[in-house]
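S.K.: when you get a sec, could you give me coordinates for this:
(one chain, ligands or ions: 1)
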Amino acid sequence: MVLTKIKKKYCIIMHKVLKIAFSEKIHLMTVASFSTEVLLGSNWEAHWKAIEMMRSNPVLGVNGLPMKAPVDELGATALAHSGTGKGRNLYDSPSARESFRFGTLIATMLSPQTKDAQTAEAFHRLQKLVSTSKVTGLAAEHCFIAPNLLECTLDDITQACTPVSFYKTKAKNIQLACERIVANNYTTTTYYHESSIDGGSNITGKRIEESAGIPTDIQDLLSYKGVGPKIAYLTFSIAWRKDEGICVDTHVHRLANRLRWVGSPLPKKERATCNTGLAKLPSNQWKDTSTPEKTRVQLQKLLPQSHWGEVNELLVGYGQTICSAKKPMCYVCTLRTECNWYNTNKASSKWNHTG
Ligand code: SF4
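M.R.: Take a look at the predicted model:
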């Protein structure tokens, strides 16, 4: 009870602080809208910072810790790391790196239209399938690679995939991906540091050619069955740390529209005169993007490429904790004055405790 009161108080204060911070920018946006009408998403940086603050705020979480989102512990990055061995450095060995990259691809191929917990369950089942098969030849934690998974039957792979949606199709696509990875024998060159075995301080660096474990070219990966832009971009961003495009899932699509980072006003002749600027146009005079793919194209124009890799994790975590599809916790959100969804629905929103 006391904690709830403190949280509520905190939210009111944060809301006021951010309102002041935004007001100057909103004013500029409004003025700009009359001359250029180009202000779509122009406040994204302030929104980004506000979301980061809410995601890391211990007051909003439990036991003095920030709110944990499923993506933090069960997202593709976390799953791929689980294949490299607990506590081990990702760059310990070529096999750890290969296992990490392959694990990233499998996690992302399992994930469409599936909750993180189910994706994680199927992923760990596949890992177990490989580690208990006879074909290892590697440290147990590094054996999750395409040639080893390919040794398992389609029936076994399908069985392991049952927790995820469309598991039969996904199992087939995973097996096909393994076949292509093995047939192509992709390699990559890595520069890494090697510690001396006796734990001494003599560290040497060298370049080595090693098995890549997944395609090294994004177009190649996009030609894999069952791999669309969402899977390919997320895989590349995590596995190769290359941001070739933004991974837009249902959370990113929803939030980018709610905050009007994307979308478009109706043509001028079809809408009433509005003196609040395009970002504040009423919903009936605004068109959200109709598909995640259209959102991706607009987002890539808006955000600098340096942010492409981070936007998915930031917005997915925010969408899983605070800004859910059906019952967003607007009463703790510091973006209410900025949010189109809130401003349209606040009258009927039972979450509008402080409005
Ligand atoms: S819908 Fe609610 S929680 Fe989501 S951004 Fe808008 S105000 Fe915040």
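
S.K.: sec struct for Thr289, please.
M.R.: Per DSSP: H, G, I helix; E, B strand; the rest coil, the local secondary structure of Thr289 is coil.

S.K.: which bits of the stretch 151-300 of the chain sit near the ligand?
M.R.: Arg258 (C-beta under 6 Å from any ligand atom). Glycine gets a C-beta too; all of them are placed from N, C-alpha and C.

S.K.: just the strands in the stretch 151-300 of the chain please.
M.R.: Assigned by DSSP state E, counting those that start in this stretch, the stretch 151-300 of the chain shows strands spanning 187-194, 204-211, 264-265, 286-287.

S.K.: kindly reformat those as JSON lines and extend each row with distance to Thr114.
M.R.: Converted to JSON lines, the strands of the stretch 151-300 of the chain look like this (distance: least, C-beta to C-beta, whole Å):
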{"stretch": "strand 187-194", "distance to Thr114": "29"}
{"stretch": "strand 204-211", "distance to Thr114": "28"}
{"stretch": "strand 264-265", "distance to Thr114": "31"}
{"stretch": "strand 286-287", "distance to Thr114": "29"}
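
S.K.: need the ones you listed in CSV with mean pLDDT, can you?
M.R.: Converted to CSV, the strands of the stretch 151-300 of the chain look like this (pLDDT from 0 to 100):
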stretch, mean pLDDT
strand 187-194, 74
strand 204-211, 77
strand 264-265, 84
strand 286-287, 86
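
S.K.: among those, which comes closest to Ser131?
M.R.: Among the strands of the stretch 151-300 of the chain, the nearest to Ser131 by C-beta to C-beta is strand 204-211 (18.3 Å).

S.K.: may I see the buried residues of the closest one?
M.R.: For strand 204-211, a neighbour-count test (16 or more other C-beta atoms under 10 Å) marks Ser211 as buried.

S.K.: note down every partner strand of that strand and its orientation.
M.R.: strand 187-194 (antiparallel) (DSSP bridges).

S.K.: which intervals of this protein have sub-threshold pLDDT?
M.R.: For the chain, the stretches flagged by pLDDT under 70 are 1-41, 83-92, 132-142, 191-205, 272-279, 347-355.

S.K.: show me the domain layout of it.
M.R.: Following automatic domain parsing, the chain resolves into domains at 18-67+246-348, 72-239.

S.K.: and Gly309, what element?
M.R.: Element membership for Gly309 (DSSP states H and E) is helix 308-321.

S.K.: check which element follows that helix along the chain.
M.R.: For helix 308-321, the following helix or strand on the C-terminal side (DSSP H and E) is helix 340-345.

S.K.: buried residues, stretch 259-270. List them.
M.R.: Applying a neighbour-count criterion of 16+ other C-beta under 10 Å, one finds 259-263, 265 buried in stretch 259-270.

S.K.: ends of it, what's the gap?
M.R.: 22 Å (C-alpha to C-alpha, to the nearest Å).

S.K.: the closest residue to Asn173 other than its chain neighbours: neighbour count?
M.R.: In this structure, Asn173 finds its nearest non-sequential neighbour in Gly226, 3.2 Å apart by C-beta to C-beta, 6 or more residues apart in numbering. Using other C-beta atoms under 10 Å, Gly226 is surrounded by 15 other residues.

S.K.: any idea how far Arg336 is from the most centrally placed residue in the chain?
M.R.: Note on the chain: the residue nearest the mean C-alpha position is Asn312, at 2.9 Å, using C-alpha atoms, centre = their mean. Computed as C-beta to C-beta, to the nearest Å, the Asn312 to Arg336 distance reads 24 Å.

S.K.: and for Gln118?
M.R.: Distance from Gln118 to Arg336, by C-beta to C-beta: 32 Å.

S.K.: these two: which has the busier surroundings?
M.R.: Per other C-beta under 10 Å, whichever of Gln118 and Arg336 has more neighbours is Arg336, with 22 against 18.

S.K.: what distance do you get for that one to Pro147?
M.R.: 52 Å.

S.K.: check Met53 too.
M.R.: According to C-beta to C-beta, Met53 and Pro147 sit 45 Å apart.

S.K.: got it, and Asn284?
M.R.: From Asn284 to Pro147 the distance is 56 Å (C-beta to C-beta).

S.K.: great, nothing more from me.
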